[in-house]
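Student: predicted model follows, preceded by the sequence.
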Amino acid sequence: MLLSPLRRSWEAWSRWRRRRPFSGGLLMILAGIEMVLIAGLPVELMVYLGVGSVSTLLFAGMLVVLGLITWCTPNQHVITGSLAGFVALGALVLSNLGGLVIGTLLALAGGGLAFAWRPVARPPRRKRGRRGKGEASRTRRARETVPLPPFEP
């Protein structure tokens, strides 16, 4: 009894994960978290220290947001992947060697995976039964297009 809902939820999770660049987004989010954890300073001290510390927060925040955008809108995978690569290279220069290089490498790998991802085709839907004559003709008529009149200002 309990196994069936768990199995359905696991299948739904697997279906959701397969239809988007999940690993690329995950690596981008992990890179952002790693950069913040390596810095490990209170926000007040980061603001006092200046550009190096504040840029760590900005780059880490951008990477986390890019990872979430990659998950939520997989059609934008090329943009988010390339932006993650640029942010990673900027973090290498401006924010404590990009989280001791580990954050930069994670972000570059995640951006590359997101950039190179290709959508998986959905399996065809099963037929739900035969249609009646009237329903098939209505569907056929709905598919026919009517040309629009020319635009006159």
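Tutor: Thanks, I have it.

Student: give me the distance between Glu44 and Val54.
Tutor: Distance of Glu44 to Val54, given as Cβ to Cβ, to the nearest Å: 12 Å. Yep, even glycine has a C-beta here, placed from its N, CA and C like the rest.

Student: any idea of the mean pLDDT in stretch 44-55?
Tutor: Stretch 44-55 shows a mean pLDDT of 75.

Student: now do the end-to-end distance for that stretch.
Tutor: Stretch 44-55 has an end-to-end distance of 14 Å (Cα to Cα, to the nearest Å).

Student: can you give me the buried ones in it?
Tutor: Across stretch 44-55, burial judged by 16 or more other Cβ atoms under 10 Å covers 46, 53-55.

Student: same question, stretch 104-119
Tutor: Residues of stretch 104-119 classed as buried by neighbour count (16+ other Cβ under 10 Å): 104-115, 117.

Student: so which of these belong to helices?
Tutor: Under the assignment DSSP state H, these contribute 104-115 to helices.

Student: Gly61 and Gly32 touch, don't they?
Tutor: Yes. Counting by Cβ atoms under 8 Å, Gly32 is a contact partner of Gly61 at 6.8 Å.

Student: Provide the backbone phi and psi angles at the residue nearest the centre of the chain.
Tutor: What sits nearest the mean C-alpha location of the chain, by Cα atoms, centre = their mean, is Thr70, with 1.0 Å. Note on Thr70: its backbone torsions stand at phi -60, psi -40 [degrees, to the nearest 10].
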